[in-house]
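Trainee: With the sequence up front, the predicted model follows.
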Amino acid sequence: MSNIKWTNHLIEFFTVVLGILLAFGLNTYYNGKVEEERARHFLEGIRLEIEENTEEVAEKLAYHEGIRDTLYTDPSKVVLRLKASRVKNFAWQIAQENSISQHIPYELYSKLAEIYEAQENLQQTNKEASNIMSHVNVLSPFYIVGVDVSEEEARAFSQDYKKGWTPIFEDFISAEKELLFLYNEALSQF
């Protein structure tokens, strides 16, 4: 018993420990690479979603600018109708459910969060304004029923009524331009 070579046992012990630590290290490295690849996959989905949303918002922006411009020049030719931007957020939701924030730069994650919050605000504003506008468009002809007004007075009322919507369209245009700016900033970071 006294002839046990402790040096050989210590070398074997440290070799086994080193092998186990190396295996844990390689496993951690591999898992990190897998998570980075998943994050790249999610970011690609978000990038594509933002590109689609950019086209959608740009189209609606042009429409709303046309209505606003006509409200300034000849309100009688305007049919008041908002076209809500149908922006998507599926890729963002899936990425958040999969903890993407741990695997991308903070600045990019912060910018993406800002974009999707701005989208939610725009969608909520669209819903509220559309509800008000549909209600008023249905009822507005009846505001002057029973009142003896000339055709000229009715036309003036209609034009003044429509001009009152100009600030709403200005707000939408401003929000849509801001969202397009955020989209372009984010796309430049991909």
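Mentor: Received, thanks.

Trainee: Tell me where the model's unsure across this structure.
Mentor: 1-3, 132-151, 153-163 (pLDDT under 70).

Trainee: for it, which residue is closest to the average position?
Mentor: Geometric centre of the chain, nearest residue: residue 116, 3.1 Å, by CA atoms, centre = their mean.

Trainee: just checking, it touches residue 88?
Mentor: No: using CB atoms under 8 Å as the test, residue 116 is too far from residue 88 to be in contact (10.1 Å). For glycine as for every other residue, the C-beta is placed from the backbone atoms N, C-alpha and C.

Trainee: Please report how far residue 167 lies from residue 190.
Mentor: Per CB to CB, to the nearest Å, residue 167 is found 35 Å from residue 190.

Trainee: what does residue 27 give?
Mentor: 30 Å.

Trainee: all helices for this structure, in order.
Mentor: Along the chain, counting by DSSP state H, helices occupy 6-73, 90-97, 106-139, 151-163, 166-189.

Trainee: now residue 170, nearest residue through space, not along the chain?
Mentor: residue 68 (6.4 Å; CB to CB, 6 or more residues apart in numbering).

Trainee: burial measure for residue 41, as a count.
Mentor: Using other CB atoms under 10 Å, residue 41 has 13 other residues around it.

Trainee: Pull the number of nearby residues for residue 47.
Mentor: Quick note: residue 47 (other CB under 10 Å) scores 16 neighbours.

Trainee: Residue 122 now?
Mentor: Residue 122 has 20 nearby residues by other CB under 10 Å.

Trainee: Identify the spatial nearest neighbour of residue 49, chain neighbours not counted.
Mentor: In this structure, residue 49 finds its nearest non-sequential neighbour in residue 91, 4.3 Å apart by CB to CB, 6+ apart.

Trainee: what does residue 101 give?
Mentor: Residue 101 sits nearest to residue 109 (CB to CB, 6+ apart), 5.0 Å away.

Trainee: quick one: the one you found and residue 100 touch, right?
Mentor: Yes: if you go by CB under 8 Å, residue 109 and residue 100 touch, sitting 7.4 Å apart.

Trainee: Compare these two (neighbour count), which wins?
Mentor: residue 100 (23 against 17).
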